[in-house]
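K.L.:
below is the sequence, then the predicted model.
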Amino acid sequence: MRPPASFTLPRCLLLNACGALALLATLPAHALGRLADVQLIDRDTGEVLPVYRHQGDHWVAGRSGARYAVALRNTSAGRTLNVVSVDGVNVISGETAALHQTGYVLGAWQSYQVTGWRKSDSQIAAFHFTASPTSYAERTGRPAHMGVIGVALFREKVAPPPVLLPAPYPHSRSRDHERLGAAAGEASAESAAPMVQQRAEANGTAAAESLSNSPMASRRMVPAAPAPRLGTGHGARESDRVGHTTFERRSSRPDEIIRIRYDSFDNLVAMGVIPQSPVPPRPNPFPEPAVSRYAPDPS
């Protein structure tokens, strides 16, 4: 039998479906990004920190004293440049973060954990959550952007295929062929010159707007919290070896910016980022001790 044209769900099923959608909207996620999967990992426990969405921002709850990593995974088929900032500071150079600065280049599908402030090609100073007065940003006089982690992703510029010219006849090259070959050589030289310059700019001299002037910085500030805010400290030295490569950005503007804010669990609860519902009392199947060997008669 075919249902009527005006068939609707029963009210109870509709309410259940709406409730399920609302619950899914509040459940924490773990990875963010389109060109990359970005996660925060508590290195002391191995836990991937849940990401909570609140009023357009993504938040994680850090544990004071815990070492952490910013885990990156390139989800594209080409190389990407990942410019990473913590508390408004570039994690490699230690400069106040800007989009044109140095970053980590990942190959297709490659993963890497950024575990600290880069000190050399072979060492880092470990990230750890700490009270804001002892954070690296505040100790270096830059506390304005405490509690935010940013990853700006750039695709690589693909070089155009070479122009193939017909081979000249061995003994009968005409003046027209000579002029054509000379013109092609001049054009090739002209096209190669800006590519070299762009490569040099991509290595650190390109001009681009800084993170402080980007849409990331225009968001509202963190509301008042009941305890000192968390920042990221400059921890113990650890081995972490990297190499060097050249990378030409497809554009001076990032293809994607991933922004994660963080604070302590208690502060996120106080700000309403992590909803807290009262825990119902746990029922006890044997609430009273036995008073006799057998069931008494009712009074």
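P.N.:
In hand now; what should we look at?

K.L.:
would you map the helices across the stretch 51-200 of the chain?
P.N.:
Listed in chain order, the helices of the stretch 51-200 of the chain (DSSP state H, counting those that start in this stretch) span residues 136-139, 175-200.

K.L.:
which of those helices comes out lowest on mean pLDDT?
P.N.:
Note on the helices of the stretch 51-200 of the chain: lowest mean pLDDT is at helix 175-200, with a mean of 41.

K.L.:
after that one, next one along is what?
P.N.:
With elements assigned by DSSP states H and E, the helix or strand that comes after helix 175-200 is strand 230-239.

K.L.:
what's in contact with that following strand?
P.N.:
62, 64, 67, 86-87, 115-117, 119, 122-132, 134-139, 143, 146-147, 262-264, 267 (Cβ atoms under 8 Å, 6 or more residues apart in numbering). Yep, even glycine has a C-beta here, placed from its N, CA and C like the rest.

K.L.:
and the buried ones among these, selectable in ChimeraX?
P.N.:
In ChimeraX syntax, the buried subset of the contacts of strand 230-239 is picked out as below (16 or more other Cβ atoms under 10 Å):
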select :62,67,86,87,115,116,117,124,125,126,127,128,129,130,131,132,135,136,137,138,143,146,147,262,263,264,267
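
K.L.:
what is the neighbour count of D121?
P.N.:
Burial of D121 is recorded as 10 neighbouring residues (other Cβ atoms under 10 Å).

K.L.:
could you check how far T130 is from R142?
P.N.:
T130 sits 15 Å away from R142 when distances are taken as Cβ to Cβ, to the nearest Å.

K.L.:
over to R43?
P.N.:
With the distance defined as Cβ to Cβ, R43 ends up 24 Å from R142.

K.L.:
same question, P162
P.N.:
Taking Cβ to Cβ as the measure, P162 and R142 are separated by 47 Å.

K.L.:
for these two, indicate the residue with more neighbours.
P.N.:
The residue with more neighbours, out of P162 and R142, is R142; 17 against 7, by other Cβ under 10 Å.

K.L.:
wait, doesn't that one sit right on G88?
P.N.:
Yes: counting by Cβ atoms under 8 Å, a contact exists between R142 and G88, whose distance comes to 6.1 Å.

K.L.:
between the two, what contacts are shared?
P.N.:
Common neighbours of R142 and G88 (Cβ under 8 Å, 6+ apart) are T96.

K.L.:
name the helices or strands packed onto the helix or strand containing Y262?
P.N.:
In this structure, Y262 is located in strand 256-264 according to DSSP H and E. Using 3 or more Cβ pairs under 8 Å, 6 or more residues apart in numbering; DSSP states H and E as the contact criterion, the secondary-structure elements in contact with strand 256-264 are strand 36-42, strand 57-62, strand 148-155, strand 230-239.

K.L.:
most packed of those strands?
P.N.:
For the helices and strands packed on strand 256-264, the largest average neighbour count (mean count of other Cβ atoms under 10 Å) is found in strand 148-155, namely a mean of 24.

K.L.:
okay, now the sheet partners of that strand, with direction.
P.N.:
Taking DSSP bridges as the criterion, strand 148-155 forms sheet pairs with strand 80-86 (antiparallel), strand 256-264 (antiparallel).

K.L.:
out of the ones you listed, which gets nearest to D37?
P.N.:
Go through the strands paired with strand 148-155 one by one with Cβ to Cβ and the one that ends up closest to D37 is strand 256-264, at 9.5 Å.

K.L.:
so how far is T115 from P254?
P.N.:
Taking Cβ to Cβ as the measure, P254 falls 23 Å from T115.

K.L.:
go on, R139?
P.N.:
Computed with Cβ to Cβ, the distance linking R139 and T115 is 19 Å.
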